[in-house]
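**Student:** I would like to see how this sequence folds:
(one chain, ligands or ions: 2)
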Amino acid sequence: MPKKIEIFDSTLRDGAQAEGISFSVEDKIKIVKALDSLNITYIEAGNPGSNPKDLEFFRRMKSQNLKNSKLTAFGSTRRPGITAEEDINIQSLLEADTPVVAVFGKSWDFHVTEIIKTTLDENLNMLRDTIQFLKSKGKEVMFDAEHFFDGYKANSEYAMETLRAAKEGGADWLVLCETNGGAFPDEIYRITKEVVDTFNIKVGIHCHNDCGMAVANSIMAVEAGATQIQGTYLGFGERCGNANLSTLIGNLQVKKGLECIPKNQIVNLTPVARYIAEITNISINEREPYIGNTAFAHKGGMHIDGVSKATHSFEHINPETVGNKRRFLMSEVSGKSTILNKIQRINPSITKDSPETQAIIDRLKELEHMGYQFEGAESTFELIIRKQLGKYRPFFELIHYKIMGEQPAADPETSSSVLVKINVDGQEELTVAEGNGPVNALDKALRKALEVFYPSIRDVHLTDYKVRVLDTKTATAAKVRVLIESSDGHNVWSTVGVSSDIIEASWIALVDSMEYKLIKDIEEKVKAYI
Ligand SMILES: CC(=O)SCCNC(=O)CCNC(=O)[C@H](O)C(C)(C)COP(=O)(O)OP(=O)(O)OC[C@H]1O[C@@H](n2cnc3c(N)ncnc32)[C@H](O)[C@@H]1OP(=O)(O)O
Ligand SMILES: CC(=O)C(=O)O
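**Tutor:** Residues are numbered from 1 along each chain as shown. Ligands and ions are numbered 1, 2, ... in the order given. Model prediction:
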């Protein structure tokens, strides 16, 4: 097995072929910089013959110096019947002015005769002289042997001929593409091994994920002697996507000890994933290995107990190795160990065997049965612990709220009005507020009333609001769970409310949010005093 694997990221080329993904030139530049900072060897950032945006991107990149990575432009071999020099796509590849070009060409005889409709000989000439031409211009050239594995299975002699032609043309790399994503790991190993044993040249692998095998297939190619892996950082790409490089880098570098990026960069595996997702405007699959939000989240009580005693009891690596973090989730399947450290933050004298611990677990299970979920609402859970431990006093009493809606609205920003009346230590306060919906107006009215007594509430704003219908069978009579995320500019916290009335569920979550903020203010003051 080799010691070093060259990583080739195609997020900005094959990734841009994924449904729902579109990058602006600015997005591309930001992602290139992030990949460069991670020391990804090759960044395939576009197809200059495809569209003016990619050409503009490569033009802008001429003034950007990459510190570690080699920018790569992608395009096809020349068209049949013309010279490489005459081919407009090849002219665009040169115009991109990158040190590396990746050219794809046909390796499956069926594609040659039925898709690009030329002869098998002309296809070999197309590969050979396109690569020769690009080499004469001083480029490092990768030959992406499209459909190589299907081609090999249909006509191995011809598939190998295409690699021979590419090598004769001067290709630096033969990249075996599993274009349709239908091959299995044993086939990948056997065929890649034959290529590695036949040609004295560097071999790469490019796998698609149509059978969920892209990562496994890429690893088998490495086992067979490939030293370059192509994929996309978050796995998105044409159809089911490409080999996920964040998983592959984790697997190869952390588990198999092969260097893909410098050792000191592996802690950036997760932060770079989150940055790319942010720029791409997608959510990372929570369950993604290594980098996902739940990759090191423990929920089962016995798991949490085990991890608290020895982290490797339920973790394959330490999450910090890849810049991720361990999380313990609150739920009805939690045991006492899960909640003990949360309880002890409020009352350190309580132990696993104290009756209060069992009472809190019972209350948690009862609330989950009613539809609550605390995994994403730990602030509400802290308030429940306080209530159970007698460490809570309400900051205000609700007298009532009234909601009015206007439809059709003269101004959508003020389509709802809410009146809130509260009592704080015997003093009543009545406020009215308008909003673009009842929850927005309710939030504004409650904050306006509370600000009179607690000025720091002015800093609080809602940053997220999610509603989940809990029992879809009963349709409009179903319960809803409202999850609110709030911020005061320094801290972010989440609270939850459940009711069959969406306004009431929102109110419960809003009240928890305000009370949580006020409790934290008091704690800060006490800390400062001590
Ligand atoms: C497996 C892969 O991922 S390969 C990369 C796939 N990526 C993309 O297709 C995205 C970028 N593509 C594009 O922007 C456009 O397809 C362009 C600009 C490159 C070409 O557009 P058009 O000239 O309108 O052609 P169109 O997309 O309709 O068809 C593809 C053409 O490329 C030809 N072609 C396909 N593969 C190859 C190849 N390896 N070598 C040479 N020609 C090829 C086809 O025969 C077809 O030619 P035809 O128009 O003479 O029948
Ligand atoms: C080149 C390429 O993207 C493929 O064959 O899948």
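**Student:** care to break this protein down by domain?
**Tutor:** Domain assignment of the chain by automatic domain parsing yields the ranges 6-261, 297-389, 397-513.
**Student:** Please identify the most buried of those domains.
**Tutor:** domain 6-261 (a mean of 21; mean count of other C-beta atoms under 10 Å). Where you see a C-beta, it was placed from the backbone N, CA and C, and this is true even at glycine.
**Student:** Name the helix or strand for Glu44, please.
**Tutor:** Taking DSSP states H and E as the criterion, Glu44 maps to strand 42-46.
**Student:** who touches that strand?
**Tutor:** 6-10, 12-14, 16, 28, 32, 35-36, 53-54, 57-58, 61, 66, 69-74, 96, 100, 102, 142, 228, 230 (C-beta atoms under 8 Å, 6 or more residues apart in numbering).
**Student:** let's see it at 7 Å
**Tutor:** By C-beta atoms under 7 Å, 6 or more residues apart in numbering, the list of residues contacting strand 42-46 from outside reads 6, 8-10, 12-13, 28, 32, 35, 54, 57-58, 69-74, 100, 102.
**Student:** strands paired with it, and their directions?
**Tutor:** Next to strand 42-46 in the sheet, as set by DSSP bridges, lie strand 6-9 (parallel), strand 70-76 (parallel).
**Student:** Ligand 1: which of the ones you listed is closest?
**Tutor:** Checking the strands paired with strand 42-46 against ligand 1 by C-beta to the nearest ligand atom gives strand 70-76 as the closest, at 3.9 Å.
**Student:** any residues touching that closest one, and which ones?
**Tutor:** Under C-beta under 7 Å, 6+ apart, the answer for strand 70-76 is 13, 41-49, 58, 61, 89-90, 92-93, 96, 98-105.
**Student:** now it, how far from the chain's geometric center?
**Tutor:** 25 Å (C-alpha atoms, centre = their mean, to the nearest Å).
**Student:** That strand near ligand 1 anywhere?
**Tutor:** Yes. Using C-beta under 6 Å from any ligand atom, strand 70-76 comes into contact with ligand 1 via Ser76.
**Student:** Can you name the element that comes right after that strand?
**Tutor:** Tracing the chain past strand 70-76, the next element assigned as helix or strand by DSSP H and E is helix 88-95.
**Student:** name the helices or strands packed onto that following helix?
**Tutor:** strand 70-76 (3 or more C-beta pairs under 7 Å, 6 or more residues apart in numbering; DSSP states H and E).
**Student:** Now the strand it packs on - C-alpha only, PDB.
**Tutor:** Only the C-alpha atoms of strand 70-76 are listed here, as PDB (Å, rounded to 0.1, in the frame of the first residue of the first chain):
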ATOM      1  CA  LYS A  70      -3.100  22.800  -7.900                       C
ATOM      2  CA  LEU A  71      -6.100  24.300  -9.700                       C
ATOM      3  CA  THR A  72      -7.400  21.900 -12.400                       C
ATOM      4  CA  ALA A  73      -9.700  22.600 -15.400                       C
ATOM      5  CA  PHE A  74     -11.900  19.800 -16.800                       C
ATOM      6  CA  GLY A  75     -13.100  19.100 -20.300                       C
ATOM      7  CA  SER A  76     -13.500  16.400 -22.900                       C
END
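**Student:** any idea of the mean pLDDT in it?
**Tutor:** Average pLDDT, strand 70-76: 98.
**Student:** next one: stretch 427-434
**Tutor:** Averaged over stretch 427-434, pLDDT sits at 97.
**Student:** Same question for stretch 346-359.
**Tutor:** Here stretch 346-359 scores 93 as its mean pLDDT.
**Student:** Also stretch 177-191?
**Tutor:** Taken as a whole, stretch 177-191 has an average pLDDT of 98.
**Student:** what residues does it touch?
**Tutor:** 144-150, 152, 206-211, 213-214, 216-217, 220-221, 223-224, 239-240.
**Student:** This completes my enquiry, with thanks.
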